[in-house]
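Build me a model from this:
(one chain, ligands or ions: 1)
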Amino acid sequence: MSTEHHAIRLESLTKSYGKVAALDGVDLEVRTGELVTLVGPSGSGKSTILRLIAGLERPDGGGILVNGQDVGSLPPHRRAVAMVFQDYALYPHLTVRGNLLFGLRVRRVRRGEAEQRAQQAAERLGITDLLDRYPDQMSGGQRQRVALARALLREPRVYLFDEPMASLDAPLRFATRADLLALHRELGTATIYVTHDQAEAMTLGDRVAVLQAGQVRQVGSPQEVYDWPADTFVAGFLGSPPMNLVPGGGVLGGTAGVTLGVRPEDLALDPEGSLEATVEAVEALGSEAIVLTRCADGTRLVVRTGPRPDVRPRDRVRLRPDPSRIHRFDAVSGRRR
Ligand SMILES: Nc1ncnc2c1ncn2[C@@H]1O[C@H](COP(=O)(O)OP(=O)(O)OP(=O)(O)O)[C@@H](O)[C@H]1O
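Next up, the predicted model:
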């Protein structure tokens, strides 16, 4: 057995709410300095994982280790874990300074030292001019920085983020994402980051963990899970639009017992292509276009092309799949073959 301590190690974690199995045997390891993004459909158990690590709830079974120590029986404030929520969870009746000092007071840090540390955290996140404001006097992005500064003050070994940018607009998300990544690299802590945003999951994560129905379907680098999805669920979940999956292989080359898949960008509109199809719709996205097509046997194939493709609905077209990019899955288990 490896003696290496992972900053976070989850072993066969289970948790049910009544009849609902929120987590059904979750194993996950995060190394020190690593950022793992957690993605999956609504209700797949992402937040439950974070709440169990933070100690806000207790698992039914399995182990939670932080730096090699089983924290299962420790209360939240003794776990060296900081959690940042989507709604920031700031105290509305306290100023930014009050919010930053609160946790330090609870942990009985002397006043002078607490003031100094709060000041340092505020400087690091560029919010010193906001110290006397109340949460309702700030923008979402500013509140997010305050929540981050407060998390920083806990000097955690582990950061847990539950969709911290969900309420920010696109440009602000983009900027904040870069700041967050810089902070993560500088601190070298272990981070788990839950998001619904695929671009965020792919760009932030050293590794991506894909969750479905309380089980981890695959963990790997963003490129790995995209290029080599372990099963049809991951294949159909990552990518926008997702991979075309054809049960039985059909137009992609019928083979009993398999489901074949091809990503929209691995299908080209090409007069020499081997597949015949009819265009059903064209969605222009500015930098690219999505062409929805339908083959004679009824199979729908989505094609990603450059901007302004020269086709319109009801056009007959030919498609050329990249043969090296055809994915094979078992028709019954859905696992990659
Ligand atoms: N306090 C609770 N009481 C009952 N059921 C719960 C509770 N918390 C979570 N669940 C159920 O557990 C499952 C997992 O929920 P969880 O919040 O972890 O999902 P999630 O992946 O974070 O979803 P979302 O992306 O919508 O936030 C869901 O079926 C949910 O309804």
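
so where is the chain shaky, pLDDT-wise?
1-5, 87-88 (pLDDT under 70).

what's the next secondary structure element after the longest helix along it?
The longest helix of the chain (DSSP state H) is helix 170-187. Sequence order places strand 190-194 as the next helix or strand after helix 170-187, per DSSP states H and E.

So which elements touch the longest helix of the chain?
helix 140-153, helix 198-204 (3 or more CB pairs under 8 Å, 6 or more residues apart in numbering; DSSP states H and E). Where C-beta positions appear, they are placed from N, C-alpha and C, glycine not excepted.

which non-adjacent residue is nearest residue 98?
Spatial nearest neighbour of residue 98, chain neighbours left out: residue 91 (7.0 Å); criterion: CB to CB, 6 or more residues apart in numbering.

related to what we said a few turns ago, what is the orientation angle of the longest helix of the chain with helix 140-153?
10 degrees (axes from the mean of the first three to the mean of the last three CA atoms, to 10 degrees).

Now do the buried residues in stretch 129-138.
130-131, 133-135, 138 (16 or more other CB atoms under 10 Å).

now, of the helices and strands packed on helix 170-187, which is deepest in the fold?
helix 140-153 (a mean of 22; mean count of other CB atoms under 10 Å).

What residues of the longest helix of the chain count as buried?
Those would be 173, 176-177, 180, 183-184, for helix 170-187 by 16+ other CB under 10 Å.

Can you give the contact residues for it?
Helix 170-187 is contacted from outside by 33, 35, 124-125, 140-141, 144-145, 148, 152, 159, 164-165, 168, 191, 197, 200, 203-204, using CB atoms under 8 Å, 6 or more residues apart in numbering.

residues in contact with the residue nearest to residue 98?
98-99, 102, 135.

Next: residue 130.
Contacts of residue 130 (CB under 8 Å, 6+ apart): 96, 122, 138, 142, 146.

returning to what we had before: restricting to the contacts of helix 170-187, which residues neighbour the ligand?
When CB under 6 Å from any ligand atom is applied, no member of the contacts of helix 170-187 is adjacent to the ligand.

Can you name the residues of the stretch 1-150 of the chain sitting close to the ligand?
Residues of the stretch 1-150 of the chain lying near the ligand (CB under 6 Å from any ligand atom): 17, 20, 22, 40, 42-48.

and these, which two are the farthest apart?
17 and 40 (16.8 Å; CB to CB).

how does the chain divide into domains?
The record's domain parsing of the chain by automatic domain parsing lists 8-233, 244-330.

possible to save those as JSON lines with distance to residue 336?
Shown next, in JSON lines, are these (distance: least, CB to CB, whole Å):
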{"stretch": "domain 8-233", "distance to residue 336": "6"}
{"stretch": "domain 244-330", "distance to residue 336": "6"}
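
just these: most buried one?
Most buried among the domains of the chain, counting by mean count of other CB under 10 Å: domain 8-233, with a mean of 18.

what's the offset of it from the middle of its chain?
11 Å (CA atoms, centre = their mean, to the nearest Å).

what do you get for stretch 288-308?
Per CA atoms, centre = their mean, the centroid offset for stretch 288-308 relative to its chain is 27 Å.

Which helix or which strand is home to residue 36?
Using DSSP H and E, residue 36 falls within strand 35-39.

Measure how the next helix or strand after that strand sits relative to strand 35-39, angle-wise.
Counting by DSSP H and E, the next helix or strand C-terminal to strand 35-39 is helix 46-54. Comparing the axes of helix 46-54 and strand 35-39 via the same axes, to 10 degrees yields an angle of 140 degrees.

Grab the CA positions of helix 46-54 and hand them over as CSV.
The C-alpha trace of helix 46-54 is given here as CSV (Å, rounded to 0.1, in the frame of the first residue of the first chain):
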residue,chain,number,x,y,z
LYS,A,46,-21.6,17.0,-5.6
SER,A,47,-22.6,19.3,-2.7
THR,A,48,-23.1,16.3,-0.5
ILE,A,49,-19.4,15.3,-1.0
LEU,A,50,-18.3,18.8,0.1
ARG,A,51,-20.7,18.9,3.1
LEU,A,52,-19.3,15.6,4.3
ILE,A,53,-15.7,16.7,4.0
ALA,A,54,-16.4,20.0,5.8
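
Can you give the contact residues for that helix?
Residues outside helix 46-54 that contact it (CB under 8 Å, 6+ apart): 8, 10, 13, 15, 22-23, 26, 28, 38-40, 57-59, 64, 66, 76, 79, 81, 83, 158, 160, 162, 192, 194, 211, 214.
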